[in-house]
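Test case, fold it:
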Amino acid sequence: MILCLRRILTVDATVWYADADSDGYGDVYTSRTSCESPSGHVEDATDCDDTDSDVYPMATETCDYVDEDCDGSTVEVFRTGTKYTA
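Numbering: from 1, shown residues only. This next block holds a predicted model:
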């Protein structure tokens, strides 16, 4: 455990996750523990592809067989008029 001294108060350090694509979501496998946010790091570790800024949790899906929203599925169903496409 890393402790950070802030005047008289002692607080636990935070785990920060590298955000290589700068989308606000970090890579769970690349982290640092620090009292202050290191440059290029965020507290959220839910990015499923930290090399693509269009891929992150709750991103808009497109019909391209890429898992943009990190839901584990690359096959999405879209309504186009009265038809559904995958």
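
where's the residue positioned nearest the centre of the chain relative to residue 76, distance?
With distances taken as C-alpha atoms, centre = their mean, the residue of the chain nearest its centroid is residue 25 (2.3 Å). From residue 25 across to residue 76, the span is 19 Å (C-beta to C-beta, to the nearest Å). Where you see a C-beta, it was placed from the backbone N, CA and C, and this is true even at glycine.

Next: residue 18.
The value you get for residue 18 to residue 76, if C-beta to C-beta is used, is 28 Å.

can you tell me the helix or strand for the residue nearest to the centre of the chain?
Residue 25 belongs to no helix or strand when assigned by DSSP states H and E.

so it sits right up against residue 43, yeah?
No: judged on C-beta atoms under 8 Å, residue 25 makes no contact with residue 43 at a distance of 10.0 Å.

wait, doesn't residue 45 sit right on residue 27?
Yes: in this structure residue 45 lies within contact range of residue 27 using C-beta under 8 Å: 7.0 Å.

can you list residues touching both of those two?
Taking C-beta atoms under 8 Å, 6 or more residues apart in numbering as the criterion, residue 45 and residue 27 both touch residue 17.

Nothing else from me, thank you.
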